[in-house]
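[1] got a structure for you, letters missing:
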């Protein structure tokens with residue numbers, strides 16, 4: 001069999017790994033959208049690097065757009081097979097993909113207006129609402145740890161990866177010509193001390209491993225515990241400077257973690273009396289789905305739920321629905337906390353809030369997750385003194401803060417712990433995916449030291465015989 005890496009290869013978005021069996025069966029692991037890749041993003045998302053109609057099966061590790069975002073395009077271009085996921089992943093994928101289609105439609109309306117003025121051909125979206133709804137009909141739900149036959153001689157098992165609700169590591173057992181091969185794909189691996197979720201679960205011995213490496217050279221060691229770090233920023237900004245805390249946050253995972261921390265602070269009577277706005281209709285829907293899947297929560301959250309049946313709700317929390325309400329927040333002078341998508345600050349309402357606050361030192365832009373270096377969030381995180389927002393240049397006067405411990409991705413210790421269930425000598429080859437190349441080179445050294453002798457860092461579209 002062969003495996004080809006068509007995304008998340010020496011970068012962290014666009015996860016797509018195509019397995020071709022000896023009998024011609026093609027199994028695609030994830031079908032993610034590229035994000036924050038600058039000018040090449042559009043071209044990368046338009047071209048898979050393979051024929052969509054030839055793919056027989058899609059296995060989806062989790063719902064984040066960089067793993068699921070091109071599924072409707074895959075279907076529109078001829079895919080007719082089954083899409084396997086957990087129940088929560090299917091529910092989250094639907095709202096995330098519909099939101100993606102909406103964002104594309106809005107962006108295209110503005111772009112085509114400019115193209116029309118110049119007499120140039122109009123562009124089409126990668127997909128529309130109808131494509132999303134058609135794609136959802138291909139989904140088939142599999143429970144964690146249940147081994148299911150998905151093709152002749154191929155079984156699939158999902159194991160909880162602890163990244164977001166519904167996230168899974170993917171494990172395939174493939175019988176070809178009387179020989180059994182086990183291939184494991186990590187998906188995205190969560191932290192073992194995650195605020196909300198169960199830790200990643202162990203999995204059976206694999207012959208080949210595809211391992212994410214987002215934080216393969218970093219440790220999530222903030223100077224303070226997450227709750228105290230967030231509280232200090234809120235007090236410094238909202239109480240002392242009378243400013244706003246703007247938090248770009250992914251609608252799935254990060255937003256719920258922030259709400260959980262704020263809820264705990266409120267329960268303890270430590271949260272200042274400031275309003276908290278979740279300015280994202282998508283986040284409201286995602287939070288409801290997360291609430292409905294308590295089977296993924298860790299024991300600390302389950303204990304909180306014994307005294308508080310909704311750990312994501314508290315006094316002075318408001319969900320902002322309409323664009324008019326969102327715009328009104330920018331003119332609102334009172335100190336507050338605004339949580340808004342996207343997490344990399346590349347799109348959505350949060351860009352408007354950052355634009356409104358970036359020139360005033362009393363405000364804080366708080367980054368709480370991974371930001372691709374070329375994204376607005378990435379540039380702010382790396383200390384840019386001036387940034388471009390909606391085509392205009394802004395000098396950064398607002399405080400830019402970061403809480404690394406809130407990342408949904410494990411650091412290199414978490415990744416090594418994830419692999420601790422494996423006998424390194426029995427792993428024939430380990431492929432590093434979903435990471436920046438320099439990070440992967442550093443992480444490979446740690447893996448070699450841990451006994452994994454054959455570690456590959458595939459480039460985009462590179463293929464290997466297994």
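    Here it is on my side, so go on. Keep in mind the model is a prediction, meaning the values are calculated, not measured.
[2] do you know the pLDDT at residue 268?
    At residue 268, the predicted lDDT confidence score is 94.
[3] can you count the residues close to it?
    Around residue 268 sit 10 other residues, with neighbours defined as other CB atoms under 10 Å. To be clear about C-beta, it is placed using only N, CA and C from the backbone, and glycine gets the same treatment.
[4] equivalent analysis for the one 5 residues further on, please.
    Residue 273 sits with 10 neighbouring residues when counted by other CB under 10 Å.
[5] same check, this time on the one 4 residues further on
    Neighbours of residue 277 under the rule other CB under 10 Å: 21.
[6] which residues does it bridge with?
    residue 318, residue 338 (DSSP bridges).
[7] and it, how close does it get to residue 245?
    10 Å (CB to CB, to the nearest Å).
[8] please apply the same query to residue 88.
    For residue 88, the distance to residue 245 (CB to CB) stands at 29 Å.
[9] same thing with residue 194?
    Computed as CB to CB, the residue 194 to residue 245 distance reads 22 Å.
[10] okay, now the unreliable bits of the stretch 101-250 of the chain?
    Within the stretch 101-250 of the chain, the set of residues satisfying pLDDT under 70 comprises 223.
[11] all strands for it, in order.
    In the stretch 101-250 of the chain, the strands defined using DSSP state E, counting those that start in this stretch lie at 139-141, 148-151, 154-160, 168-176, 179-185, 208-212, 244-248.
[12] the longest one: how far from the chain's middle?
    Distance of strand 168-176 from the chain centroid (CA atoms, centre = their mean, to the nearest Å) equals 23 Å.
[13] and this protein, what are its domains?
    2-218+408-465, 226-406 (automatic domain parsing).
[14] wait, a helix at residue 345?
    No. The assignment for residue 345 by DSSP: H, G, I helix; E, B strand; the rest coil gives coil, which leaves it out of any helix.
[15] pull the contacting residues for it.
    Taking CB atoms under 8 Å, 6 or more residues apart in numbering, we find residue 345 in contact with 248, 351, 354, 367, 371, 375-377, 380.
[16] whichever of those end up buried, select them in ChimeraX.
    Those of the contacts of residue 345 that count as buried under 16 or more other CB atoms under 10 Å are selected in ChimeraX with:
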select :248,351,354,367,371,375,376,377,380
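[17] ok, so of the contacts of residue 345, who is nearest residue 54?
    Ranking those by separation from residue 54, with CB to CB as the measure, puts residue 375 on top at 32.7 Å.
[18] right, and the closest one touches residue 36 too?
    Yes. Using CB atoms under 8 Å, residue 375 is in contact with residue 36, at 3.8 Å.
[19] what residues are shared contacts of the two?
    Shared contacts of residue 375 and residue 36 (CB under 8 Å, 6+ apart): 344, 346.
[20] center of the protein, which residue is that?
    Using CA atoms, centre = their mean, the residue of the chain that lies closest to the mean C-alpha position is residue 64, 4.3 Å off.
[21] can you verify my assumption that that one contacts residue 164?
    Yes. Applying CB under 8 Å, one finds residue 64 in contact with residue 164, separated by 6.8 Å.
[22] between these two, which contacts overlap?
    With the criterion set as CB under 8 Å, 6+ apart, the overlap between the contacts of residue 64 and residue 164 is 188, 252-253.
[23] reformat those as CSV; add distance to residue 60.
    As requested, the shared contacts of residue 64 and residue 164 are exported to CSV (distance: CB to CB, whole Å):
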residue, distance to residue 60
188, 12
252, 14
253, 16
